[in-house]
Structures are given as C-alpha cells and as structure tokens.
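[1] any chance you can model this:
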Amino acid sequence: MDRRLELQVDQGDLGQRIDRFVAGRIRSLSRTFVASLVADGRVLVDGEPVRRVAQKLQKPGRVTVVLAPEAHDDEVNLDDRIIHLDDAIVVVNKPAGLPVSARLRLGGEDALKAVRRVLERRGLGCEFLGNPHRLDKDTSGVLVLARTREAARVLSEAFKAGETIKTYLAWTEGLPPTRSGFIAAPILAPGDGEARIDPRGRPARTRYRVVAVSGGRALLSVRLLTGRTHQIRLHLAHLGTPIVGDRVHGRAGGGLLLHARRLVLLHPATGARIVLRAPPPFSTSLV
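    Residues are numbered from 1 along each chain as shown. The predicted structure is shown next:
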C-alpha cells in the first residue's frame with residue numbers, strides 16, 4: 001500500500017521550489033529522488049499533482065508526498081548472490097531496487113541487513129559490516145562490503161584515490177555519436193543531493209564503448225575514471241543518450257538498465273589484485 005506523507009505549507013515556505021521544500025522537510029529524500037516522484041505524479045499541492053520540479057509554493061496549504069511500497073520491504077535472501085567471501089570482505093551481486101543502506105531512505109530492507117543475515121546463517125562472525133563502496137538503489141551489480149574496520153578504511157581510501165577499476169553495462173535511449181568515446185563534464189553535488197553537470201563542479205571523466213545496438217538503443221560498456229555522484233547517469237544524459245529507465249534524466253517507465261559488471265581492486269588485507277564480476281540481470285544481446 002502507498003504511504004502518504006502530509007506536509008503543511010506556511011507563510012515562511014512561500015516562494016520555495018517544491019523539490020527543495022520536500023527534501024528539506026523529509027531529510028531521507030534527496031532532491032533528485034523528489035524529482036522522480038514529481039515525474040511520476042506522486043507529489044501533490046492541495047490535491048493537485050505537481051507538473052514541474054521547479055514549481056514554487058504560492059500559498060499556504062498542504063503538500064502530499066506519495067511513496068510507493070518498496071520492492072524490498074520484506075527480507076531479501078542473498079545467499080546465492082555472494083561473489084566472494086573471506087575474513088576481510090564480502091562481495092555480493094546486489095539486485096536492482098535494494099538500497100545499500102536503509103539510512104538513505106525511509107527504513108526497510110537493505111543490502112547490509114541482508115548480507116549480515118547470510119553471514120549469521122553460515123555461522124560466521126558479524127561484529128562489523130561496513131560499506132566503503134556504494135551503488136545507487138536502482139543500480140545492480142558488484143558491491144563490496146568490509147568485515148573489519150581496517151578493511152573499510154583501506155577500501156575507502158582506495159575508492160577515493162581512484163585505485164580501483166569500475167566497469168558498468170548500460171542500455172541507452174538512442175545511440176552515442178561514436179562507437180567509443182570519452183566524456184569529460186564536471187559534476188556539482190550539493191548537500192541537498194541534486195547532482196548535476198555544472199562548470200563549478202568537480203572534474204568527472206567517463207569512457208564508453210558500444211557493445212550492441214538494437215531498436216534505437218545501445219548497450220554500452222562504461223568505465224568510470226572518477227567516482228562522482230550519479231556520474232554515469234549524468235554523463236550519458238549529457239551525451240544525449242540517457243540510460244533506459246532513468247526517471248530523472250531520461251524517460252519514466254521500467255527499471256534502470258545500469259549494472260556494475262566488473263570491479264578490480266587490491267585486497268585490503270593481502271594486497272593481492274582481485275577481479276570481481278557479476279552477470280547482468282538484463283539481456284546483453286541483440287533483440
């Protein structure tokens with residue numbers, strides 16, 4: 001059943017953009033996520049759906065936010081999705097729709113809880129489980145969690161320093177201008193979570209290669225050379241080829257076809273180079 005959150009609009013709120021108002025009142029929702037709710041007709045002002053995310057509050061009244069039931073409110077079994085497990089790390093093929101940490105939304109199931117249950121069922125200690133690596137809720141694929149504080153520290157530094165190799169698969173609406181290419185566009189990620197291409201942002205670089213073409217869509221192999229918020233989604237939309245299912249930067253409808261296919265890193269305890277792979281949940285062949 002949908003969850004409806006009612007927010008009172010007072011005189012002091014007038015003139016605010018609707019996305020800023022909602023994100024300010026409900027701290028667990030970013031402005032990017034609020035924009036997706038607006039696109040789906042799930043933000044209403046005095047009972048009328050908001051048409052534009054930039055719409056401003058004109059008079060006192062009520063804003064209603066309608067949250068759909070989460071696909072993973074019930075417990076998720078990840079036993080058959082464990083890619084690698086040792087004393088320092090556990091790697092899982094995260095399903096799309098499952099957040100890494102429920103602290104980023106309004107409670108419910110998340111990857112940390114699901115992996116913790118896997119470890120407990122296997123009789124393994126789980127005194128600490130950290131997430132130095134993040135994937136968006138709607139992105140599937142390789143996710144590395146740390147089983148010790150030292151592993152979490154080492155991995156966090158490696159990701160921050162760009163010492164890992166991250167490769168994704170993405171189906172895009174439309175075809176990129178070249179079979180392979182390089183995208184360099186700075187990304188500004190304010191504290192409110194509304195990441196966007198902006199010359200004031202931090203440098204961001206992405207490489208892509210066309211793997212297949214079908215029905216006006218392209219399957220790309222994408223390598224992140226930097227790790228900015230929503231980098232792949234923003235860069236591919238900037239190229240004019242948004243990811244299929246991207247409700248914020250492309251068209252609404254269906255799931256986001258973005259998958260973390262391969263991750264190469266140095267093991268935080270042994271220093272050995274390890275290659276982690278996860279099969280995608282969507283077709284990668286011509287149809």
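[2] tell me which element T172 falls in.
    strand 165-173 (DSSP states H and E).
[3] likewise for V38?
    Here V38 is assigned to helix 31-39, by DSSP H and E.
[4] buried ones in that helix?
    31-38 (16 or more other C-beta atoms under 10 Å). For the C-beta atoms, the positions are set from N, CA and C on the backbone; glycine is no exception.
[5] check which helices and strands that helix is in contact with.
    Using 3 or more C-beta pairs under 8 Å, 6 or more residues apart in numbering; DSSP states H and E, the elements in contact with helix 31-39 are helix 18-25, strand 61-67.
[6] ranking these by burial, who's on top?
    When the helices and strands packed on helix 31-39 are scored by mean count of other C-beta atoms under 10 Å, the highest mean neighbour count falls to helix 18-25 (a mean of 21).
[7] where do the strands sit along the stretch 1-150 of the chain?
    3-9, 43-45, 48-49, 61-67, 82-85, 89-94, 140-146 (DSSP state E, counting those that start in this stretch).
[8] can you list those strands in CSV and add mean pLDDT and distance to R121?
    Shown next, in CSV, are these (pLDDT from 0 to 100; distance: least, C-beta to C-beta, whole Å):
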stretch, mean pLDDT, distance to R121
strand 3-9, 90, 30
strand 43-45, 95, 40
strand 48-49, 92, 44
strand 61-67, 92, 31
strand 82-85, 97, 11
strand 89-94, 98, 13
strand 140-146, 98, 16
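[9] okay, these, which one's buried deepest?
    strand 140-146 (a mean of 26).
[10] any chance of the buried residues of helix 31-39 in JSON lines, plus pLDDT and distance to P268?
    Putting the buried residues of helix 31-39 into JSON lines (pLDDT from 0 to 100; distance: C-beta to C-beta, whole Å) gives the following:
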{"residue": "R31", "pLDDT": "78", "distance to P268": "34"}
{"residue": "T32", "pLDDT": "76", "distance to P268": "31"}
{"residue": "F33", "pLDDT": "80", "distance to P268": "31"}
{"residue": "V34", "pLDDT": "86", "distance to P268": "36"}
{"residue": "A35", "pLDDT": "84", "distance to P268": "36"}
{"residue": "S36", "pLDDT": "79", "distance to P268": "34"}
{"residue": "L37", "pLDDT": "87", "distance to P268": "38"}
{"residue": "V38", "pLDDT": "88", "distance to P268": "41"}
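[11] next, format the helices and strands packed on helix 31-39 as a markdown table and append distance to V100.
    Shown next, in a markdown table, are the helices and strands packed on helix 31-39 (distance: least, C-beta to C-beta, whole Å):
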| stretch | distance to V100 |
| --- | --- |
| helix 18-25 | 20 |
| strand 61-67 | 19 |
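[12] the bottom helix or strand of the chain by mean pLDDT?
    Every helix and strand in the chain was compared by mean pLDDT, DSSP states H and E; the lowest is helix 31-39, with a mean of 82.
[13] contacts for that helix, please.
    Residues outside helix 31-39 that contact it (C-beta atoms under 8 Å, 6 or more residues apart in numbering): 18-20, 22-23, 29, 43, 50, 52-53, 65-67, 192-195, 230, 247-248, 252.
[14] which one, of the helices and strands packed on helix 31-39, ends up nearest to Q11?
    strand 61-67 (11.1 Å; C-beta to C-beta).
[15] ok, and the closest non-adjacent residue to P279?
    N93 (7.4 Å; C-beta to C-beta, 6 or more residues apart in numbering).
[16] doesn't G141 make contact with that neighbour?
    Yes - with contact defined as C-beta atoms under 8 Å, N93 counts as touching G141 (6.4 Å).
[17] cool, thanks, talk later.
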